[in-house]
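[1] Here is my input; please provide its structure:
(2 chains)
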Amino acid sequence: MTANTTTIIETRAACKFFGEGESLVKAVNDVDLRIETGEFTAIAGPSGSGKSTLLNIISGLDHVTSGKIFMNGAEVTQYTDKELANLRLKHIGFVFQNFNLLPVLTAYENAEYILMLRGMPENERRDKVMAVLDKLGIADKAKNFPSQLSGGQQQRVAIARAIAANPTVVLADEPTANLDSKTAASLVEMMAELNEKEGITFLFSSHDPRILDCSKRVLVLTDGAISDDQKNN
Amino acid sequence: MERFFTLIKLALRNLGRQKRRTFISVSAVGFGLAIALFFLTLGDGIYAKLMEDAVRTNGGNFSFEHPDYRDAPAIDLFVSDVQTKRKQIANLPEVETTKLLVLGQGVIKTAHGATAVGIAGIEPGIEKTYSTVAEKITQGAYLEDTDKNAIVIGHLLAKRLKVKVGKKVVLSTNNQHGMLAEELFRVKGIFKLGADEADGYLVQIPIAQARAIFALDQNSATQLGVLLRDADDLDEVLQKAQKFTTNTATLRTWEETLPDLSNYIRTDRGSNQVFQGIMIIICLFTIFNTILMSALERTHEFSVQLALGTPLYMLKIQLVLEAFFLGFFGALFGFLVGGGLAWWVQVHGFDLRLVYEFEGELEVSGFVFDTIMRAKISKEVVLVLCGGVWLSTILMSLVPIQRLKNIPIAKVLR
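    Numbering: from 1, shown residues only, chains lettered A, B, ... in the order given. Got it, this is the predicted structure:
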């Protein structure tokens, strides 16, 4: 982890409400948050506490009801959809609960997808992707389609896709929720290692104790608001 | 460019992952196109043959006539100096041959009675080569250029007048000056065209004698008919021929000289096109449904792609490419099946008697035509049909494309 850290994500009084009147749901309620480079942070909380919604508004997949979101110092709340798409492409790596690999692309092509969108030359992409797949222990599965991979292997490919392009931050929404405990533990270990050795910033939503134990910082969300901010040593 | 190749890969693989649905869609478009292509080219072949037979027997693809003749046909409305025009028009490379006709009315008489007839003074050598009348002689022989006082008549007329080959008949008519003219002829041949109007009314005599009866000079004719090597060159040749018109010779297309046949072809072709068009539209609805379903069921995938930062325009192109390939394979399938079938019928012909039983000849608007049908494949029809189906399929993708920008990414991925 680098010694000199900078704030890469900041939320100021971020709110996301659904519905109106009596059916108003405050999914994210007045959240102030700063994420520094190199963090390995988990957002914990029970189901429905607003973890995924917070990640969604940080990544621009959803719009805030009020408040502001900053990424690398730039306010992204006012970004157009096109600008948000570009922000996600260049700065954010995603790991989803359901893996969300493109079924018609092989493991290699899935991991390569974002690099291709960014316009990286093919030979550079090949080296980069194979190195990442190798690091994640799935280089031999490069030519397999997602349907030919186990859940753990698919999630490794998803992580490869997320980190191959050296994003500013990896947002992972319940990444171990659909995995068996052994596979989940292995993946958590691997992500922690990537954070330690490569300095990749991770922001999770999870209530998996393994992730919470490994996290350097745990934000506890209750009814959409941060109720606790613990730092683990 | 690499992005584009990736989109092509995605489009093709997405089509491949739903093989059955893709096959059904391609088949639906292909069969619709094949049927339309086959029947439209068959129709064009039938119309072309019908028109060709008719123009060869009558006044050609176009003809020179006196400007007033069409409104009130009369023997004194003739084209003068036809030999000069004939030489001029014959020099055009598109022209296969020219033919002169003297046309009038009269009465034919025998010992058993008399009846009105249409008299056609023809050039036997040319008619023998190009007209279907010579082929339809059932008794005796057709006229020769050297014949004098020879006449060929229809079998119904022969029956009515109770004449046989070799018997004498008298033709009575008024010449161009209104004077009564009569001439004795000997029946050389009896034809059976199959159309009552022609078989019971038409008589043909050598043009020299027709001119003599009607008191026309040897450089005059009612029509100077022009037969083209390729009927599709008509418009081009008409433009060139325009300079040969005079105050006694105007141009008439076959559609003007044979209005009944022209109207029949126009009406029948129109209804055929409408019917085939409806069939193609039905097939296009199938593919529209496929494209829409394919897009709707992949909302989650599109959301993932958008979440990863895929520009919206790339997803739009991806959908267009899928429609592009569906349309391409459908059009290719339709072209191969429909075009192949049409090509076979164009080369080998198809005898309608295998399907329908006819009593007598096949007659349309007083014209008899061959029961062996041949398709006529033109690049215009193939391009318009295949290209139209292909383009329509691509346009069908515009509807699901509009839905892409409204995908609630976070909601779909939740």
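[2] Excluding chain neighbours, what is closest to residue A:46?
    Nearest residue to residue A:46, sequence neighbours excluded (C-beta to C-beta, 6 or more residues apart in numbering or on different chains): residue A:207, at 6.9 Å. Just so you know, the C-beta spots here come from the backbone N, C-alpha and C atoms, and that holds for glycine as well.
[3] again with residue B:124
    Leaving out its chain neighbours, the residue that sits closest to residue B:124 by C-beta to C-beta, 6+ apart is residue B:143, at 3.9 Å.
[4] try residue B:191
    Once flanking residues are discounted, residue B:191 sits nearest to residue B:136: 4.6 Å by C-beta to C-beta, 6+ apart.
[5] about what we covered before: per-residue pLDDT of the residue nearest to residue A:46, please?
    At residue A:207, the model reports a pLDDT of 84.
[6] quick revisit: what's around the residue nearest to residue B:191, how many residues?
    22 (other C-beta atoms under 10 Å in any protein chain shown).
[7] if I read this right, it contacts residue B:195, doesn't it?
    No: taking contacts as C-beta atoms under 8 Å, residue B:136 lies outside contact range of residue B:195: 10.2 Å.
[8] counting contacts, what elements does the helix or strand harbouring residue B:256 pack onto?
    Taking DSSP states H and E as the definition, one finds residue B:256 inside helix B:254-257. When contacts are defined as 3 or more C-beta pairs under 8 Å, 6 or more residues apart in numbering or on different chains; DSSP states H and E, helix B:254-257 sits against helix B:19-57, strand B:62-65, helix B:259-296.
[9] Please repeat the previous calculation with a cut-off of 10 Å.
    Packing contacts for helix B:254-257, counted by 3 or more C-beta pairs under 10 Å, 6 or more residues apart in numbering or on different chains; DSSP states H and E, involve helix B:19-57, strand B:62-65, strand B:223-228, helix B:259-296.
[10] Can you give me the pLDDT of whichever residue of chain A sits closest to chain B?
    Using C-beta to the nearest C-beta, the closest approach of chain A to chain B is made by residue A:89 at 2.6 Å. Per-residue confidence (pLDDT) for residue A:89: 93.
[11] Count the residues that sit near it.
    Residue A:89 has 17 nearby residues by other C-beta under 10 Å.
[12] wait, it sits on residue B:310?
    Yes: under the criterion of C-beta atoms under 10 Å, residue A:89 makes contact with residue B:310 at 7.6 Å.
[13] Give me the common contacts of those two.
    Shared contacts of residue A:89 and residue B:310 (C-beta atoms under 10 Å, 6 or more residues apart in numbering or on different chains): A:114, A:117.
[14] Return the residues in contact with residue A:113.
    A:101-102, A:105, A:125, A:129, A:161, A:164-165, B:6, B:10, B:304-305, B:308-310.
[15] As a check, name the ranges of all helices in the stretch 301-414 of chain B.
    Under the criterion DSSP state H, counting those that start in this stretch, the stretch 301-414 of chain B contains helices at B:312-334, B:340-348, B:379-396, B:398-404, B:409-413.
[16] What is the shortest one packed up against?
    Think helix B:409-413. Counting contacts by 3+ C-beta pairs under 10 Å, 6+ apart, helix B:409-413 is packed against helix A:51-59, helix A:81-91, helix B:299-307.
[17] CA atoms only for it, dumped as CSV, please.
    Provided in CSV are the C-alpha atoms of helix B:409-413 (Å, rounded to 0.1, in the frame of the first residue of the first chain):
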residue,chain,number,x,y,z
ILE,B,409,-29.0,-0.4,-15.1
ALA,B,410,-29.0,-0.5,-11.3
LYS,B,411,-32.5,-1.9,-11.1
VAL,B,412,-31.8,-4.6,-13.6
LEU,B,413,-28.6,-5.6,-11.9
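[18] Looking at it now, give me its mean pLDDT.
    Mean predicted lDDT for helix B:409-413 stands at 86.
[19] buried residues in the lengthiest strand in chain B?
    Across chain B, the longest stretch assigned as strand under DSSP state E is strand B:95-110. Neighbour counts over strand B:95-110 (16 or more other C-beta atoms under 10 Å in any protein chain shown) mark B:95, B:97-104, B:106, B:108-110 as buried.
[20] re earlier: near the residue nearest to residue A:46, how many residues? Count them for me, please.
    By the criterion of other C-beta under 10 Å, residue A:207 has 19 neighbours.
[21] residues in contact with it?
    With C-beta under 10 Å, 6+ apart, residue A:207 has these contacts: A:42-47, A:49, A:51, A:174, A:176-177, A:220.
[22] ok, 8 Å please
    Residues counted as contacts of residue A:207 (C-beta atoms under 8 Å, 6 or more residues apart in numbering or on different chains) are A:44-47.
[23] One more: residue B:224?
    So residue B:224 contacts B:63-64, B:79, B:82, B:85-86, B:89, B:98-100, B:249 (C-beta under 8 Å, 6+ apart).
[24] Where does the prediction get shaky in the chain?
    By default, I'm working from chain A. Within chain A, the segments meeting pLDDT under 70 span A:1-4, A:233.
[25] Not quite, go with chain B.
    B:358-369.
[26] Return the residues of it in contact with chain A.
    Counting by C-beta under 8 Å from any C-beta of the partner chain, the residues of chain B lying close to chain A are B:2-3, B:6, B:9-10, B:13-14, B:16-17, B:300-301, B:304-312, B:314, B:405, B:409-410, B:413-414.
[27] domain assignment for chain B?
    As recorded under automatic domain parsing, the domains making up chain B are B:2-53+B:263-413, B:59-256.
[28] In TSV: these, plus distance to residue A:186.
    Formatted as TSV, those follow (distance: least, C-beta to C-beta, whole Å):
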stretch	distance to residue A:186
domain B:2-53+B:263-413	24
domain B:59-256	75
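[29] you'd agree the residue of chain A closest to chain B is up against residue B:307?
    No: applying C-beta under 8 Å, one finds residue A:89 not in contact with residue B:307, separated by 10.1 Å.
[30] quick one on the thing from earlier: how far is whichever helix or strand comes after the longest strand of chain B from where the chain is centred?
    Downstream of strand B:95-110, the first helix or strand assigned by DSSP H and E is strand B:113-122. Distance of strand B:113-122 from its chain centroid, counting by C-alpha atoms, centre = their mean, to the nearest Å, is 31 Å.
[31] Which residues does the helix or strand that comes right after strand B:113-122 contact?
    Using DSSP H and E, the helix or strand that directly follows strand B:113-122 along the chain is helix B:124-130. Helix B:124-130 is contacted from outside by B:56, B:97, B:99, B:133-134, B:142-145, B:147, B:204, B:206, B:227, using C-beta under 8 Å, 6+ apart.
[32] The following helix or strand past helix B:124-130 pairs with which strands?
    Per DSSP H and E, the first helix or strand lying C-terminal to helix B:124-130 is strand B:137-140. Partners of strand B:137-140 in the sheet, by DSSP bridges, are strand B:180-191 (antiparallel).
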